[in-house]
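> With the input below, show me the fold.
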Amino acid sequence: MKMFDPASDGFMLIAAALVFIMTPGLALFYGGMVNKKNAVTMMMQNFFSAGWTTVIWVIIGFSLAFGKDVAGVIGNLQYFLLDHIMPNTLYPGNGQISMFTFMIYQLMFAIITPVLMTGAFADRMRFKGFVVFLTLWLVFVYFPFAHWLWGGGFLQSWGVEDFAGGLVVHTSAGFGALAAIYYLGKRKHIKAGNHNLPLIVIGTALLWFGWFGFNAGSALRVDVDTNIAFVNTMEAAAFAAITWMFWDYWKNGRWSAIGFMAGSIAGLATITPAAGYVTPRAAMAIGILAAIICHLAVDYKNKKGWDDALDVWGVHGIGGFSGIILLGIFGSSAILGSNGLIHGGTTFFLKQVAAAVGCAIYAFVVTYILMWVTDKITPIRVPEEAEKSGLDAYEWAEQAYAF
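Next comes the predicted model:
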């Protein structure tokens, strides 16, 4: 009986734990950025997904994402309640890790992806509405995306590449966030955010730390591709953070800690789809381009007056979207995967562009519809007096601070 490779399987369990720590990291990052009267609400929207998404994942989610392909669109229910998986069942993708290890690793992606959107509709969504929306969004957006790109779906069969979630995670959440802010509209009482900079810094540190599991772990084994993805992740984040920080200084004449944090996240999001497919030199360029492109997107959002409270669309949506296209430019078969445009891969580049555009449109349209459906099931937006007093006092028995 063939067993899994202990080194690869053990590494993947560590990688799963690293990805999990990104969810509390995001809770701290977002919690520090919102007004202090909404900190509990923001943090619990993030933590709640760790419980609720796990329940949905083990019942139907893993099967819909990675079950036997049905017409290139979705998986069947062969893994309903984790049926047909035994401790010695190997993940068929490489035969080196346990199927349970693969399942739990992919769960961590499913947990964090929808809560990336919470930063966009900060200060104005009821928690009950969030629970309904989270459930619907996982079923109709995340699980299909995961199947299309990673579970044998039509985009994977077509040759589209997404190493660790440029489309599956960041484009889906970022353009979903844009739909949410269009549906919900602007806040009526916008209070000063960024109330706790140390929380933001700690949250960023945990996200950056966990991202090594996010990207390097997506190799699903221990070999040279794992090493390349790890190196590229660090480089892109650092180059993006420094570029964003110096840009802010050039514009405003002052240094910005928030700018450094935002830049690092932009670099991480943008390198995610390309981490195991490009050279370290290309990762440096992607980091610089990530800061420029995402900064311009945030500036455009501000100019248009969109109430994306924590710049989810500009950093995650545009970062993941750009990363998919940049992979189409810088991809190198000498590393892994297909050659990008600069190596003669014109067809691959066009496929990456088409997939990015198509997935962004799907995420936006379906998320908007799911917002409308949720609103019909239960009112989704808090009343104006709740915005004024704060959601923690309105919906929770606890508050982050004693007023």
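> can you list contacts of the lowest-mean-pLDDT helix or strand in the chain?
Ranked by mean pLDDT, DSSP states H and E, the weakest helix or strand in the chain is helix 384-389, scoring a mean of 88. Residues outside helix 384-389 that contact it (C-beta atoms under 8 Å, 6 or more residues apart in numbering) are Lys37, Asp123, Arg124, Arg187, Lys188, His189, Tyr394, Glu395. In this view, the C-beta of every residue, glycine as well, is placed from N, C-alpha and C.
> okay, those residues in CSV with secondary structure and distance to Pro273 next?
Formatted as CSV, the contacts of helix 384-389 follow (DSSP: H, G, I helix; E, B strand; the rest coil; distance: C-beta to C-beta, whole Å):
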residue, secondary structure, distance to Pro273
Lys37, helix, 37
Asp123, coil, 31
Arg124, coil, 31
Arg187, coil, 32
Lys188, coil, 37
His189, coil, 38
Tyr394, helix, 39
Glu395, helix, 36
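> for Cys359, what are its contacts?
Taking C-beta under 8 Å, 6+ apart, we find Cys359 in contact with Phe145, Trp148, Leu155, Leu167, Thr171, Ser172, Phe175.
> Quick check: the gap between the closest residue to the third one other than its chain neighbours and Gly176.
Counting by C-beta to C-beta, 6 or more residues apart in numbering, the nearest residue to Leu155 once its immediate chain neighbours are dropped is Trp148, at 4.3 Å. When C-beta to C-beta, to the nearest Å is applied, the distance between Trp148 and Gly176 equals 15 Å.
> what about the two, which has more around it?
Gly176 (32 against 28; other C-beta atoms under 10 Å).
> Touching, that one and Val141? I think so.
Yes - the criterion here is C-beta atoms under 8 Å, and Gly176 meets it with Val141 at 6.4 Å.
> Next, show the common contact partners of those two.
With contacts taken as C-beta under 8 Å, 6+ apart, Gly176 and Val141 have Ala363, Val366, Thr367 as neighbours in common.
> Which of the helices or strands spans the second one?
Meaning Val366. For Val366, the element it lies in under DSSP states H and E is helix 346-377.
> buried sites along that helix?
Judged by neighbour count (16 or more other C-beta atoms under 10 Å), helix 346-377 contains these buried residues: 348-349, 351-353, 355-356, 359-360, 362-364, 366-368, 370-371, 374-375.
> same question, stretch 383-401
Buried residues in stretch 383-401 (16+ other C-beta under 10 Å): Ala386, Glu387, Gly390, Leu391, Asp392, Ala393, Tyr394, Glu395, Gln399, Ala400.
> Can you tell me which of the residues you listed is nearest Ile14?
Of all those, Ile14 sits closest to Ala400, with 31.3 Å by C-beta to C-beta.
> For the nearest residue to that closest one once chain neighbours are set aside, give me its contacts.
With sequence-adjacent residues excluded and distances taken as C-beta to C-beta, 6+ apart, Ala400 is closest to Ala39, at 3.8 Å. Counting by C-beta under 8 Å, 6+ apart, Ala39 makes contact with Gly31, Gly32, His195, Asn196, Asp392, Ala400, Tyr401.
> Tell me the pLDDT of the nearest residue to the third one once chain neighbours are set aside.
Meaning His195. Excluding its sequence neighbours, the residue lying closest to His195 (C-beta to C-beta, 6+ apart) is Lys36, at 4.3 Å. Residue-level confidence at Lys36 comes out at 91, pLDDT.
> how deep is Lys36 tucked in, by neighbour count?
With other C-beta under 10 Å as criterion, Lys36 counts 19.
> just Thr89 next, same as before
Counted with other C-beta under 10 Å, Thr89 comes out at 14.
> thinking again about what came up before, could the contacts of helix 384-389 be laid out in a markdown table, adding distance to Ala16?
Shown next, in a markdown table, are the contacts of helix 384-389 (distance: C-beta to C-beta, whole Å):
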| residue | distance to Ala16 |
| --- | --- |
| Lys37 | 34 |
| Asp123 | 32 |
| Arg124 | 33 |
| Arg187 | 36 |
| Lys188 | 41 |
| His189 | 40 |
| Tyr394 | 35 |
| Glu395 | 31 |
